[in-house]
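Engineer: Structure for the following, please:
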Amino acid sequence: MLTSYGETLHKHLFSEKSSLIAKHIFKKAYRLEELSENLVERPYRLLLPATFVIVMLLNVGLIMLPLASATKGSYSGGNGKILFEDVPVGGVYSEIYVMNPDGSGITRLTSNSVGDSNPCWSPDGSKILYSSGDAISSAIWVMNADGANRKQLTIPADDNYDIEPAWSSDGNKITFIRQFTGGAAFVYYLYVMGADGSNPIRLLPAEYDVHHPSWSSDGTKLLVGIDPDLALVNPNSDSIIVMTSFGGLGFSADDPCWSPDGSRITFTREDHSTGDTEIHVINGDLTGTSTLLISNGEEPNWSPDGTKIVFTRTPNSIWIMNPNGSGASELTPTMPGAEDPDYQTLPRETVGGVVTPTNKLEILTPYIALAGLVAVVSAVVVVKNRNRD
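Structural biologist: Residues are numbered from 1 along each chain as shown. Below is the predicted model:
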């Protein structure tokens, strides 16, 4: 039979769903303990099976568990589906669609008498933010991942257009742009509100032409386009942390997007004289020199694991490429008006009604600690018995 240490370890480490693995490991450990009875005295027998359990736990964890997150706390499962917008054949307004990462399984999620645009996944991949409206006004809405349970979050006045929503990494806040006609030209304001649409607060003064906000993984910074440059904004103190100088001389930067680990930022660089756009990448703190990834591209968005970038290619169509700009391929050849893609993060797996983490180290740490405790206690027993001898 198993030792008391083995029984305790078995009880604490494994759920019912993984009991088969547990039984296999501890059966092997028990056989090793039987073997040790013929080789060493009883006080030393636990060392061999305990060491075996530690090694097996590490190997099972490393082989069977998902890869660790590239983002601090935001990557929680894997690459999901891709959202985008397009005007359907014969239609007037844009609608929201979803597809698999290889371009298959294209499904229409909205069908309205108004335009639906700027789709954005929630951090857990279960909901979708978007802008919905017409020539009079547009508001921020939210719906389930399948297009059901639509709910309006903002109520703008006429001639106000709430656009470009984005979730904070913890899902508790939403930022968006409110565009309205200020005399002869449009004025763009940056807003932050609760995830339920409560307490909208305007950030930054009116003189900033703000676009495409994106949250940092720790929620302490907003990355925005402030025509013609990019900037990092403190959402709590209403201040600009740093601003680039990519603009000027007939160029502007827009559509900024952080990589999952926050180390890089992709953005669109536009040549005003020709209208040509390029996708560039720069350091996550906006320092250094940007690097060209691909021409005729805009609206880049990273996959949750950081291995792909999905983007809009001119003329409008959704494409995907590697982070260095290589391997570009088209995903929507039959939908030449597709644009504004956003990559879904898959929800964490649920086991027995409990949401489980997917970071290997996060999962293995308590297991290793318990298994290590077994070995330490065993070693202490050995030392004490040797001292008595």
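Engineer: Give the bridge partners for residue 79, please.
Structural biologist: Counting by DSSP bridges, residue 79 is bridged to residue 345.
Engineer: Can you tell me the number of residues neighbouring the residue nearest to residue 241 when sequence neighbours are not counted?
Structural biologist: Distances taken as CB to CB, 6 or more residues apart in numbering place residue 232 nearest to residue 241, at 4.1 Å, with adjacent residues excluded. For the C-beta atoms, the positions are set from N, CA and C on the backbone; glycine is no exception. Close neighbours of residue 232, defined as other CB atoms under 10 Å, add up to 21.
Engineer: so residue 232 is in which element?
Structural biologist: Under the criterion of DSSP states H and E, residue 232 resides in strand 229-234.
Engineer: what's that strand in contact with?
Structural biologist: 190, 203-204, 213, 220-225, 239-247, 252-253, 256, 265, 267, 285-286 (CB atoms under 8 Å, 6 or more residues apart in numbering).
Engineer: Name the strands paired with the helix or strand that it is followed by and say parallel or antiparallel.
Structural biologist: Downstream of strand 229-234, the next assigned helix or strand under DSSP H and E is strand 239-243. Next to strand 239-243 in the sheet, as set by DSSP bridges, lie strand 229-234 (antiparallel).
Engineer: buried stuff in the partner strand?
Structural biologist: 229-233 (16 or more other CB atoms under 10 Å).
Engineer: CA atoms only for it, dumped as CSV, please.
Structural biologist: Extracted in CSV, the C-alpha atoms of strand 229-234 (Å, rounded to 0.1, in the frame of the first residue of the first chain):
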residue,chain,number,x,y,z
ASP,A,229,1.7,60.6,-33.8
LEU,A,230,1.3,57.9,-31.2
ALA,A,231,1.1,58.4,-27.5
LEU,A,232,0.9,56.6,-24.1
VAL,A,233,-1.8,58.1,-21.9
ASN,A,234,-2.3,57.6,-18.1
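Engineer: got any ranges where the chain has weak pLDDT?
Structural biologist: Along the chain, the model assigns pLDDT under 70 to residues 1-77, 182-184, 246-248, 348-389.
Engineer: now the helices for it?
Structural biologist: 4-13, 19-37, 47-64, 360-388 (DSSP state H).
Engineer: So for residue 186, what's the nearest residue that isn't a sequence neighbour?
Structural biologist: residue 179 (5.4 Å).
Engineer: In contact with that neighbour, which residues?
Structural biologist: Going by CB under 8 Å, 6+ apart, residue 179 touches 160-163, 186-189.
Engineer: Might one say that residue 343 is in contact with residue 305?
Structural biologist: No. Using CB atoms under 8 Å as the test, residue 343 is too far from residue 305 to be in contact (9.5 Å).
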